[in-house]
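>>> 3D, please:
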Amino acid sequence: MTKPDTDMLEALFQDARATPPAMPDGLMDRIMADAVAQQPKAKSGGWRAIWQTIGGAPAFGGLVTATAVGFWIGVAPPSNLPDIATQIITGTEYASFDDTSLPDFSAFGWDIEEG
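Purely as a prediction, here's the structure:
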């Protein structure tokens, strides 16, 4: 695309911006009425309203699963994660970093690139 083509396009864009299209009368009112009609009807209070707000049985099942997994990881963490539950109960900090706790990157060939 050359410079005159770009200038001509820019002039067309400026003309389009100067005269935006007009929305027909009542269009926005019809759009908003349709949007309100598509919304689910809210029930007043109680456990059913909470149940529907959560998303029903599938969402509740996901919440229960995530809670159980989070509790399990907190109580019995995998070996490469710090044991936070023990730290909270005993008040101790996680073991300090020493040479054995740092990962060995030599298997990836990074030591060869150094020199």
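
>>> what about the strands in the protein?
Remark: no strands are assigned in the chain by DSSP state E.

>>> Report the distance from the helix ranked longest in it to the chain centre.
Longest helix of the chain, by residue count under DSSP state H: helix 56-75. Chain-centre distance of helix 56-75: 18 Å, with C-alpha atoms, centre = their mean, to the nearest Å.

>>> Show me what it is packed against.
Helix 56-75 sits against helix 46-54, helix 84-90, with contacts defined as 3 or more C-beta pairs under 8 Å, 6 or more residues apart in numbering; DSSP states H and E. (C-beta placed from N, C-alpha, C; glycine too.)

>>> can you redo those helices as a markdown table with mean neighbour count, mean pLDDT and distance to residue 29?
Formatted as a markdown table, those follow (neighbours: other C-beta atoms under 10 Å; pLDDT from 0 to 100; distance: least, C-beta to C-beta, whole Å):
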| stretch | mean neighbour count | mean pLDDT | distance to residue 29 |
| --- | --- | --- | --- |
| helix 46-54 | 11 | 83 | 29 |
| helix 84-90 | 11 | 72 | 55 |
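
>>> The ones you listed: which one's closest to residue 69?
Closest approach to residue 69 among those is made by helix 84-90 (14.5 Å; C-beta to C-beta).

>>> Could I get the CA-only coordinates of that closest one as CSV?
Only the C-alpha atoms of helix 84-90 are listed here, as CSV (Å, rounded to 0.1, in the frame of the first residue of the first chain):
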residue,chain,number,x,y,z
ILE,A,84,2.1,-25.6,55.8
ALA,A,85,-0.2,-27.3,58.3
THR,A,86,2.8,-28.5,60.4
GLN,A,87,4.3,-25.0,60.2
ILE,A,88,1.1,-23.4,61.5
ILE,A,89,0.6,-25.9,64.3
THR,A,90,4.3,-26.0,65.5
